[in-house]
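Visitor: Sharing a model that was predicted from the sequence below.
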Amino acid sequence: MNSQYTAKDFKNEQQIKWCPGCGDFAVLNCLHKAMSEIGVAPADTAVISGIGCSSRLPYYMGTYGFHTIHGRGSAIATGVKVANPALSVWQITGDGDCLAIGGNHFIHAVRRNIDINIVLLNNKIYGLTKGQYSPTTERGYVTKSSPYGTIEDPFNPAELAFGARANFFARTIDVDLPSTTECMIAAAAHKGTAVIEVLQNCVIFTDGIHKYYSDKENRADRTIYLRQGEKMIFGKESNKGLVLQGLDLKAVTIGEDGYTIDDILTHDATLHDPTLHCKLAAMEGPELPLALGIIRNVEGINYDQAVVDQIHRVQANTQIKTFADLMMSGNVWEVK
Amino acid sequence: MNEQVKVKELDSVVIRFSGDSGDGMQLVGNIFSNLAAILGNEISTFPDYPAEMRAPQGSLAGVSGFQVHLGASKVLTPGDKADVLVAMNPAALKVNKNFLKPQCVVIIDEDSFTENDLKKALFQTNDPFQELDLKNVQVISVPITSMTKAGLESYGLDNKSAVRCKNMFALGLICWLFNRPIDSVTPFLKKKFSKKETIMQANIKALTDGYNFGANTHATVTTYHIETNEHPKKGFYTDINGNTATAYGLIAAAEKSGLPLFLGSYPITPATDILHELAKRKDLGVKTVQCEDEISGICTAIGASFAGNLAATSTSGPGLALKGEAIGLAVMAEIPLVIVDVQRGGPSTGLPTKTEQSDLMQALYGRNGESPVVVIAATTPTNCFDAAYWSSKLAVEHMTPVILLTDGFIANGSSTWRIPDLNVYPSITPPFVPDSIKDIWKPYLRNEDTKVRYWAVPGREGFEHRIGGLEKDYTTGVISTDPLNHQIMTDTRQEKIDKIADFIPELKVEGSVDSDILVVGWGGTYGHLSSAVNSMNASGKKIAHVHFEFINPLPKNTHEVLSQYKKIIVCELNLGQFAGYLRMKYPEIRIDQYNKVQGQPFMVSELIDRFTKLMEEK
């Protein structure tokens, strides 16, 4: 992409107050870089957040930014985008902000398909309030508010997004900067709500929570990076792949049990039917690799554009152009 | 009953249409009041309907009423009691028995006064009038349902559709009773049923049949001739209810300020009509989002305001409670926002379709922290326009949330309105940050006179900035937890609101300014208080009235006005919230109060009784 901007144009001089080693730094750097490549001016970019560690991010941007209240980022971002569709609008949120207190706004923003980019930093914990379990914390996990282990099942953010009819969903790991940047750029290009889940490490409360997948040692064997139009192949030797067996996905080794490269599925993020995307997003170890990259990327009618189109349609067929016209259009009589 | 036909000349009359919530009483009430307004009467209306869409047919809970007061000169209220009642069933008669004047005319549909109908309305006997002790009323008993059906036999309608036209038969009767030409009604029906030719024709036929029935049978009651206002101010008129006027006020302010209008809202009785009206106004470029909840309603508006629109959200009491935290964000971020609260009976779900003034304290103080906002209260249905305009003006020019309080009574009530000329309205100038101060500008840089921070809207290069709910440094605008800075910022936010007193009109005392007694009201009780005070002054009992539209800040001459009277009585539809607010502001002033919390507006008569008693007290 040709862009007149550099990452520096999207930074500011604020001192960053995340804990040393926090995964949020990586996401912030990716966002600076992605924005420089996207090519929208800092002045035309608005970054909105709610409350939580990740929601401090707008303060570290050189763009317009609004750090709002807990859970309401999606609603406020919706207002910004509908009011001024010319802006590039980003929402930065966490698993608590987005999926607990903000769950309702999140699913409705997705359902309306507002053209905003939601970066969901998932560390499976409430960090800012010092370590309570979140809606993505695994059952049985011990935290300050679950001293005997949680007794509830977590959300898979992708399943929730697809349930709300998401047209764009990507998943990355904080330590994989190029992939995160790439997904952000793709999200910006997508017209409609784009959700990017970043598996992010909290060094204080859930250090290593994503280690099973993020460890460089095993990442290639335990995750699969999906690319549009390419075979679903993974593994250090690039010899593993995904096939469909009945209604289920299965990981196989190419060359074993009679499987050849031709049996391996090809990724198509643009499939309108989300069934396979759901299956891919729900994969987990050890039987299956965790799906990373752009899992779904489907075109749809986005709300903010539809608002503008509707206004133009109505305005093309009306005599009411001003307040005064409106006043004279009803049951009016004159006293002379 | 009287035996002669006579025409009674009146300068005003109160008519109440009442029936099952499915009987179409709101529609005929609306049409009749429109008609009266067009023919030159002043009107004031009051729809009084149940919360349930369809309570059991014929039950007391299902009664829906529409009252209209029409007259020659300024009509300030929908009237305490009715001169004419249309009761489509026994339940409607029973529910309204305390709202009838002696000698009033009661039109009943005798087809729906059978033994079974009477039982549904919990009557013990077969003579409802006797049982309710209604001795002096003039009853016109008409088989409305059967005559409506008979008249529509050739229209090929099913039974249900034919019976539904009975409200038009009743309207025809009323038109006859009040000497109103039914020709003027047909345009309304043509508009209402424009896509259903047969239904439209059937309604017109039922209307005509009703009118002719009255004229031909010379029903032996008083008919009325209402004087029309002979010297109204020149101009164009319409009739308008408070919710529509509120929507129009926002539209006018958007046009005047040059800002696009945005409404984020969630449906809630009795405020939803504001959303309905603005959703229609795509022609004027209005953007509305029907949100997933009340919180999103205000949050989308906050987002739109941040992006540079004139942003509003509309709700009622329960919704205002949900919006509290977000209002605090708008206070902290110092962005313009209009929050319309159409008050209803509370607490909790309360009385959704009934009126009350009990959200005042919530509007003033219902947030965490020191969180001052402007609070404005509309006084009449038509004043909702001005109040919404002023709310927008103050919100934009002073970079603050403004809570506009209306109520179910003025929101649904309507009156005649002279269409305003926007050219005579004050300008609205958004405090956009000028390019000339780009180098020294910070997000919370203020106009030192007004304490208003400058508005930098996304899209402007060189003004990129971050704001939010955390406390900010007075000078640099970055996050600050410094103790002294928090004190300064808290004081500044309060000072900014207090200074708005310099920009709003002062109080004007009405009635006998030099009397000893001052009646104080605020918001939607203006019509009733004013009528009571006018009536007392007309009968030689000198009394003054002052009415508050601006609640926070209070007008600058508030103390001066209050301190001139020996007796002050604050009248409001709650347990004394404004009285308490005034006592807090002016502890040395003695204040009496008169309160009512019945979901109903004041009655002029009860006010006169109370004020007369106050006069007699030593």
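Guide: Perfect, I can see it now.

Visitor: For the residue of the stretch 101-250 of chain A found nearest chain B, grab the count of nearby residues.
Guide: Ranked by CB to the nearest CB, the top residue of the stretch 101-250 of chain A for proximity to chain B is residue A:108, at 4.0 Å. Every C-beta, even on glycine, is put in place using the N, C-alpha and C of the backbone. Using other CB atoms under 10 Å in any protein chain shown, residue A:108 has 18 neighbouring residues.

Visitor: So it is in contact with residue B:296, correct?
Guide: Yes - the criterion here is CB atoms under 8 Å, and residue A:108 meets it with residue B:296 at 7.1 Å.

Visitor: any idea where the strands of the stretch 101-250 of chain A begin and end?
Guide: For the stretch 101-250 of chain A, the strands defined by DSSP state E, counting those that start in this stretch occupy A:116-122, A:168-173, A:194-199, A:223-226, A:233-234, A:240-245, A:248-253.

Visitor: Let's check: the centremost residue of chain B is which one?
Guide: Central residue of chain B (CA atoms, centre = their mean): residue B:410, 1.7 Å from the mean position.

Visitor: Show me how far the host helix or strand of that one is from its chain's centre.
Guide: Counting by DSSP states H and E, the element that carries residue B:410 is helix B:408-412. In terms of CA atoms, centre = their mean, to the nearest Å, the centre of helix B:408-412 is set 3 Å apart from its chain centre.

Visitor: excluding its backbone neighbours, what's nearest residue A:310?
Guide: Leaving aside its sequence neighbours, residue A:310 sits nearest to residue B:282 (CB to CB, 6 or more residues apart in numbering or on different chains; 5.8 Å).

Visitor: Let me know the distance separating that neighbour from residue A:311.
Guide: 5 Å (CB to CB, to the nearest Å).

Visitor: Rebuild the strands of the stretch 101-250 of chain A as JSON lines, extending it with mean pLDDT and distance to chain B.
Guide: Formatted as JSON lines, the strands of the stretch 101-250 of chain A follow (pLDDT from 0 to 100; distance: least, CB to the nearest CB, whole Å):
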{"stretch": "strand A:116-122", "mean pLDDT": "98", "distance to chain B": "10"}
{"stretch": "strand A:168-173", "mean pLDDT": "98", "distance to chain B": "20"}
{"stretch": "strand A:194-199", "mean pLDDT": "98", "distance to chain B": "17"}
{"stretch": "strand A:223-226", "mean pLDDT": "98", "distance to chain B": "31"}
{"stretch": "strand A:233-234", "mean pLDDT": "98", "distance to chain B": "38"}
{"stretch": "strand A:240-245", "mean pLDDT": "97", "distance to chain B": "36"}
{"stretch": "strand A:248-253", "mean pLDDT": "98", "distance to chain B": "33"}
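
Visitor: Now those in CSV, please, with extra columns for mean neighbour count.
Guide: Formatted as CSV, the strands of the stretch 101-250 of chain A follow (neighbours: other CB atoms under 10 Å in any protein chain shown):
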stretch, mean neighbour count
strand A:116-122, 28
strand A:168-173, 27
strand A:194-199, 27
strand A:223-226, 24
strand A:233-234, 22
strand A:240-245, 18
strand A:248-253, 15
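
Visitor: Tell me who's in contact with residue B:507.
Guide: Going by CB atoms under 8 Å, 6 or more residues apart in numbering or on different chains, residue B:507 touches B:546, B:548, B:555, B:557-558, B:561.

Visitor: Let me have the strands of the stretch 101-250 of chain A in CSV, adding distance to residue A:326 as columns.
Guide: Converted to CSV, the strands of the stretch 101-250 of chain A look like this (distance: least, CB to CB, whole Å):
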stretch, distance to residue A:326
strand A:116-122, 32
strand A:168-173, 39
strand A:194-199, 38
strand A:223-226, 52
strand A:233-234, 61
strand A:240-245, 58
strand A:248-253, 58
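
Visitor: Much appreciated, bye for now.
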